[in-house]
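Asks: Okay, sequence plus prediction incoming.
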Amino acid sequence: MTGSLLKTTGLQKKDCIPCVLKESYTPKSLFKRIFTTAYEDYYHRAYERQLSRRGKWMKQVRQSTVEPVFGSLVHHYVLSKINVLGKAAAHRVMLMAATCFNLKKYLKTFKRKLTNSAAMEAIADLTSAF
């Protein structure tokens, strides 16, 4: 391969002659050329990993942890388009958005804990008064 990322495989004429489907895929040619990418082996390996038990488990974990955050950032925080140039700047925008999302989530949890502890103290004060 000299500079090209495509691999060309040509079938021979004797392979195509007995084929019933020859007229449908090569009506004017004597044989079929098949173009594939140089990364075909990697694609097949990744696809097999996806179908494995561990791959399915990893997909479930990702769908339940990471993807909801991206969905929230896109839909509720208007992050469907990042208006900066370059990977480094886009990375900074995503870090800031994720930090804000996590901070908001933390404050929600912290507020709930404070409310629960204040309610528990009020109940304790009421029960000690009787």
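Replies: Now that the structure is in, tell me what you want to look at. Nothing here was measured: the structure is a model prediction, and the numbers come from that model.

Asks: In terms of pLDDT, where does the closest residue to residue 49 other than its chain neighbours sit?
Replies: Once flanking residues are discounted, residue 49 sits nearest to residue 55: 4.8 Å by CB to CB, 6 or more residues apart in numbering. Yep, even glycine has a C-beta here, placed from its N, CA and C like the rest. In this model, residue 55 is scored at 94, pLDDT.

Asks: Would you mind measuring from residue 55 to residue 42?
Replies: 15 Å (CB to CB, to the nearest Å).

Asks: who's more crowded, the two?
Replies: Ranked by neighbour count (other CB atoms under 10 Å), residue 55 and residue 42 place residue 55 first, with 14 against 10.

Asks: Which element, helix or strand, includes the more buried one?
Replies: Counting by DSSP states H and E, the element that carries residue 55 is helix 53-65.

Asks: Pretty sure residue 93 sits against residue 81.
Replies: No: in this structure, residue 93 is not within contact of residue 81 by CB atoms under 8 Å, at 10.4 Å.

Asks: What lies in contact with the helix or strand that contains residue 68?
Replies: Following DSSP H and E, the helix or strand that holds residue 68 is helix 67-75. For helix 67-75, the surrounding residues in contact (CB atoms under 8 Å, 6 or more residues apart in numbering) are 79, 80, 97, 98, 101.

Asks: Neighbour-wise, which one of those residues leads?
Replies: With neighbours taken as other CB under 10 Å, the top of the contacts of helix 67-75 is residue 97, carrying 19 neighbours.

Asks: where does it fall, helix, sheet strand or coil?
Replies: Using DSSP: H, G, I helix; E, B strand; the rest coil, the structure places residue 97 in helix.

Asks: Distance check, it against residue 5.
Replies: 34 Å.
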